[in-house]
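Trainee: how would this look folded up:
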Amino acid sequence: MHYNKKFEKDLEILRQELPDPFQIPEKLDDFFNSPAAQQLIARGTDFVRDALFFLEECKEPSLARVAVILLSRFDPSEFYLDLLSKLKNANRQMVEAFEQGLWLIKLPERQIARDIVNIVVLSGNANPLLLLQRPAAKEVRSELADFIKQRKMPLSLYSLYCFGYALERDDIPLMSAVSMWLELPELSSLAGIYLLRLGSKEGHAGIRAGLTASNVQLRTLTFYELFPYLPDEIRDRANYDPAKSVESQRSAVEILDSFLSQS
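Mentor: Below you'll find the model as predicted:
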């Protein structure tokens, strides 16, 4: 069975009414109360059926986002398990389209967090972990730590993203170990930043790996995360520019690393 093309047009109308992501918390009630949204919600189980069929075939994340947000208005028993099944093979863009609506579902966040982890375990698809970049990650700390220890990309990286919302002082040994995985600078640099957040400079080698990575995006992200921890005098003296070649920034990196390596 295929979804009705009119359903797609209805979602497109609502997509244009959806608030900016940063305004959604304040303006979501207005969105749900709009005539177009109310008309779809009033269809009840017929809407739920059409939305699930639509998500099965949908290739447009912006429309999937609207469908999931609207589904959150219904009883989870009508759609939740079917909705989760759509995440098993979802790519990154489609997973991210679920983020706003998924956490509006009338279920405990701890349940949703554990269900996301179960999907990852059963499907081998790491992308659903992108939905756990929020405090609910604390509910699955041990599972995320196990994923990180596998040193498998992108599983370990996405898990490390989430782990930033669950950090505790007891995590210093794990983060110190990850910060030494210099062959995986995406992981080592982020672990080094987390250590700074925990009051430790033990991860300076990992941060250096991020600042000298061949990937300019990683260099930029590492410096952006490092920036708040640097005194003005160190920032000015180093004058590090992630957009410039690694070779041209050697002296800048030495200044930053010297500061970070101080006990």
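Trainee: Mind telling me what element Leu157 is part of?
Mentor: Element membership for Leu157 (DSSP states H and E) is helix 155-163.
Trainee: now Arg151
Mentor: Counting by DSSP H and E, Arg151 is found in no helix or strand.
Trainee: about what we covered before: please enumerate residues in contact with the helix holding Leu157?
Mentor: 120, 126-127, 129-130, 132-133, 137, 140-141, 144-145, 147-150, 171, 178, 184, 186-187, 190-191, 194 (CB atoms under 8 Å, 6 or more residues apart in numbering). Quick note: C-beta positions are derived from backbone N, CA and C, even for glycine.
Trainee: What does the closest residue to Glu17 other than its chain neighbours show for phi and psi?
Mentor: Nearest residue to Glu17, sequence neighbours excluded (CB to CB, 6 or more residues apart in numbering): Ser34, at 5.7 Å. As for Ser34, its main-chain torsions (degrees, to the nearest 10) stand at phi -70, psi 150.
Trainee: any idea how far Ser34 lies from Leu28?
Mentor: In this structure, Ser34 and Leu28 are 11 Å apart, going by CB to CB, to the nearest Å.
Trainee: and if you look at Ser179?
Mentor: For Ser179 relative to Leu28 (CB to CB), the value is 39 Å.
Trainee: Looking at those two, which one has more neighbours?
Mentor: Ser179 (27 against 16; other CB atoms under 10 Å).
Trainee: On the pLDDT front, check that one for me.
Mentor: pLDDT for Ser179: 98.
Trainee: quick one: secondary structure of Arg43?
Mentor: coil (DSSP: H, G, I helix; E, B strand; the rest coil).
Trainee: residue contacts, it?
Mentor: Asp50.
Trainee: what's it sitting at in phi/psi?
Mentor: Dihedral angles (degrees, to the nearest 10) for Arg43: phi -80, psi -10.
Trainee: Look up how far Gln100 lies from it.
Mentor: 21 Å.
Trainee: do Leu81 as well
Mentor: 20 Å.
Trainee: So for these two, which sits in the more crowded spot?
Mentor: Each of Leu81 and Gln100 has its neighbours counted (other CB under 10 Å); Gln100 has more, 18 against 10.
Trainee: Please tell me I have it right and the more buried one contacts Pro19.
Mentor: No - Gln100 lies out of contact with Pro19 (CB atoms under 8 Å); the separation is 10.1 Å.
Trainee: Please, where are all the strands along the stretch 101-250 of the chain?
Mentor: Read by DSSP state E, counting those that start in this stretch, the stretch 101-250 of the chain holds no strands at all.
Trainee: can you give me the helices for the stretch 1-150 of the chain?
Mentor: Remark: helices assigned in the stretch 1-150 of the chain by DSSP state H, counting those that start in this stretch are 5-17, 24-32, 35-41, 45-57, 61-71, 80-85, 92-102, 109-123, 141-149.
Trainee: Save the ones you listed as TSV, and put in mean pLDDT and distance to Gln217 too.
Mentor: Putting the helices of the stretch 1-150 of the chain into TSV (pLDDT from 0 to 100; distance: least, CB to CB, whole Å) gives the following:
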stretch	mean pLDDT	distance to Gln217
helix 5-17	89	29
helix 24-32	82	27
helix 35-41	93	37
helix 45-57	94	30
helix 61-71	95	21
helix 80-85	96	31
helix 92-102	95	15
helix 109-123	97	24
helix 141-149	98	21
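Trainee: Turn the ones you listed into JSON lines, columns for distance to His204.
Mentor: Compiled in JSON lines, the helices of the stretch 1-150 of the chain are given as follows (distance: least, CB to CB, whole Å):
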{"stretch": "helix 5-17", "distance to His204": "45"}
{"stretch": "helix 24-32", "distance to His204": "37"}
{"stretch": "helix 35-41", "distance to His204": "51"}
{"stretch": "helix 45-57", "distance to His204": "45"}
{"stretch": "helix 61-71", "distance to His204": "38"}
{"stretch": "helix 80-85", "distance to His204": "41"}
{"stretch": "helix 92-102", "distance to His204": "31"}
{"stretch": "helix 109-123", "distance to His204": "31"}
{"stretch": "helix 141-149", "distance to His204": "20"}
